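*Asks:* need coordinates for the following:
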Amino acid sequence: MTKIVFRVDASIRMGSGHVMRCMTLADVLRQAGAEVSFICRELPGNLCGLIEAAGFALARLPQPANAFKPVVNSDIPHAAWLEVDWRVDAEEAGQILARKYAETDWLIVDHYALDAQWEGAMRRYVKNVMVIDDIADRKHDCDLLLDQNMYANFGSRYDGLVPLHCRKLLGPDFVLLRKEFCEARGKLQKRDGNARRILVFFGGADSTGETEKALRAIELLGRPDIALDVVVGASNPHKDRIKALCAERPNAVFHYQTHDIANLILNADLALGAGGASTWERMALQLPALTVSVAGNQNEILESAANAGVLVNLGDGSKVGPEMMAGELLNMIQDAGKLSSMAENAFGIVDGFGAERVSQAIIPRPLRISLVSDHDSWINEHTPLLMQALQKDGHVVNQTHTVEEIPSGDLAFFLSLGQLVPARILARNRHNLVVHASALPAGKGWSPWSWQILEGKNEIPVTLLEAGVSVDSGDIYRTDVMRFTGLELIDELRQALAAKTVELCAAFVSDYPEVLSKAKKQQGPSSYYPRRKPQDSKLDIDKSIRSQFNLLRIADNERYPAFFELDGQIFTLKIQREDI
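*Replies:* Have a look, this model is predicted:
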């Protein structure tokens, strides 16, 4: 059994989000068969009781007797959040690991106040170290790093901050959301942009008092017809005052330490909130939001989300008053089209399966994979090679030629498939992948390699991408290129494409889920190839064979041979190479 220990804290100062996301991952790891434990310090506003109530073993570090004064020149901006010197914490945590959790396979650290020095000190007690981070402001000594946030440059954020061998899980594909958000996505209805119900939630602690500010802003609107759900956590120091404010307003419901956030988001039309975990929860359920930043590490995340068109960010909360908030809130309420567009923009950014992907990186399990192709496709002669390669690595693989028969699973590879796949069927798998022989976004559409051979090209790019909402529009994971002499006929061309297809698909599976961090958005103008028809194989009898040789190269001798017309008659030509 894999033994896993989390080192994480909650407090009034740092909030509850770190513990909550660790509990989400811990629950998935426990379901995967791991033995999971926690080490937490008893700080004011801690969630030790919540962890124990969830059935996890917990070792408590003592509350410091005196307020910790960090070294002025500390390399760690958030060193004070630990409330003891890191050496003290390392000594105390190390004793617990040695005494209670010997032979730990994975130590998972989620703490802005801990860095490579602390992590290195733990190496003697554990086999592997994983770090959950958001801010990339210090070095780490870890084997696996998770940063679930949305950044324009996340691919290089940790260059020089982690060891070369460290695997990195970066981006919203790895957002740690509880399973109820996945379940709620199944109930999601298209949002019409009308703001009938507003959700107010600024995290479990909200030490800066944003909830009260938001309630004042809503009062300035003079819209008692709009219903409110107001959520506060147990560590919120202003909870009694907020409860009283809610009692004064009709249609306002006060929720204390609720476990029903998913349904509250599902039923809301607009949210007022901050960054942190709530950002991903709202995006998973396509809820538009008006946000403020309450911590430095939230600034870039909220700006990236705003640039993606899923929320409006007012910036630093300390500079935002009720009047400013009310003004922007009014603009959003009066623009149903904007709210509806924000909901649509959130589609696909966060799907709710991030914890499963992280668990896969920690405790690999066989993947459930489908290979999907047309029943009469040429690729079917080559798919057994891919199936054997995947099965050799222990994965469960099936092949189908009917999209309605695609089973639920992890990955579906669509290979030379001419059928349209409805969204409800795409939803059966975590990822739906396509191999396309062009340098996307150029060359979308049908038979791209055939058209490029006709264009006289002997270097044909091959792209592995996520199936998007529109044709050939998803993120790109891997690329390669086929190189030809210009004399290969269709069987050789297909053999080359089949080999690259097998190679790209097998490499994706081998590198899953880390490969998701390497996804790239398509850039540049799009172009499209039409579907090839039998008429496209027609030769011009007044042109030379040399000038039409590329058309002969891509003609299928059996299914759609090259042909020409003469005196009202049709003649077919079949081509093959003879050894000299």
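*Asks:* check contacts around residue 44.
*Replies:* Residues counted as contacts of residue 44 (C-beta atoms under 8 Å, 6 or more residues apart in numbering) are 11, 12, 63. C-beta: built from backbone N, CA, C; applies to glycine.
*Asks:* and if you look at residue 469?
*Replies:* Residues near residue 469 by C-beta under 8 Å, 6+ apart: 347, 348, 423.
*Asks:* sec struct for it, please.
*Replies:* Of the three states, residue 469 takes coil under DSSP: H, G, I helix; E, B strand; the rest coil.
*Asks:* how close does it get to residue 345?
*Replies:* Distance, residue 469 to residue 345, by C-beta to C-beta, to the nearest Å: 11 Å.
*Asks:* Throw the contacts of residue 469 into TSV and include pLDDT and secondary structure, thanks.
*Replies:* Below are the contacts of residue 469 laid out as TSV (pLDDT from 0 to 100; DSSP: H, G, I helix; E, B strand; the rest coil):
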residue	pLDDT	secondary structure
347	80	coil
348	79	coil
423	83	helix
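*Asks:* buried residues, the longest helix seen in the chain. List them.
*Replies:* When the chain is parsed with DSSP state H, its longest helix is helix 490-510. Using 16 or more other C-beta atoms under 10 Å as the test for burial, helix 490-510 gives 490, 493-494, 496-498, 500-506, 508-509.
*Asks:* residues making contact with that helix?
*Replies:* Helix 490-510 is contacted from outside by 367, 369, 378-379, 381-382, 385-386, 389-390, 393, 395, 411, 413, 415, 433, 435, 437, 449, 453, 460, 462, 464, 477-478, 480, 482, 484, 488, 515, 553-557, using C-beta under 8 Å, 6+ apart.
*Asks:* hmm, 6 Å instead?
*Replies:* 378, 382, 385-386, 389, 413, 435, 462, 464, 477-478, 480, 482, 515, 554, 556 (C-beta atoms under 6 Å, 6 or more residues apart in numbering).
*Asks:* can you list the strands that the helix or strand following it pairs with?
*Replies:* In the C-terminal direction, the helix or strand that comes right after helix 490-510 (DSSP states H and E) is strand 528-529. Paired strands of strand 528-529, with direction, are strand 444-445 (parallel) (DSSP bridges).
*Asks:* beyond the strand it pairs with, next helix or strand please.
*Replies:* Next along the chain from strand 444-445, counting by DSSP H and E, comes helix 448-454.
*Asks:* make sure residue 431 is actually in contact with residue 411.
*Replies:* Yes - Residue 431 is within contact range of residue 411, at 5.2 Å (criterion: C-beta atoms under 6 Å).
*Asks:* between the two, which is the more surrounded one?
*Replies:* Between residue 431 and residue 411, residue 431 has the larger neighbour count (other C-beta atoms under 10 Å), namely 25 against 21.
*Asks:* which element is that one on?
*Replies:* Using DSSP H and E, the element containing residue 431 is strand 429-436.
*Asks:* ok, back up a step: from the contacts of residue 44, which is closest to residue 114?
*Replies:* Using C-beta to C-beta, residue 11 comes nearest to residue 114 of the contacts of residue 44, at 14.3 Å.
*Asks:* could you find the closest non-adjacent residue to that closest one?
*Replies:* Take residue 11 and drop its neighbours on the chain: the residue closest to it by C-beta to C-beta, 6 or more residues apart in numbering is residue 43, 3.8 Å away.
*Asks:* count the neighbours of the one you found for me.
*Replies:* A total of 21 residues lie near residue 43 under the criterion other C-beta under 10 Å.
*Asks:* distance check, it against residue 132.
*Replies:* 18 Å.
*Asks:* give me the sheet partners of the strand holding residue 431 and which way each runs.
*Replies:* strand 409-414 (parallel), strand 459-466 (antiparallel).
*Asks:* after the last one, which helix or strand is next?
*Replies:* In this case it means strand 459-466. Following strand 459-466 in sequence, per DSSP H and E, is strand 476-483.
*Asks:* using CSV, write out every CA atom in that next one.
*Replies:* The C-alpha trace of strand 476-483 is given here as CSV (Å, rounded to 0.1, in the frame of the first residue of the first chain):
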residue,chain,number,x,y,z
ILE,A,476,-1.8,20.8,-29.5
TYR,A,477,0.2,18.2,-27.4
ARG,A,478,2.8,16.8,-29.8
THR,A,479,4.0,17.4,-33.4
ASP,A,480,6.3,15.5,-35.7
VAL,A,481,7.0,15.5,-39.4
MET,A,482,7.0,12.9,-42.3
ARG,A,483,9.7,13.3,-44.9
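*Asks:* thanks again, I'm all set now.
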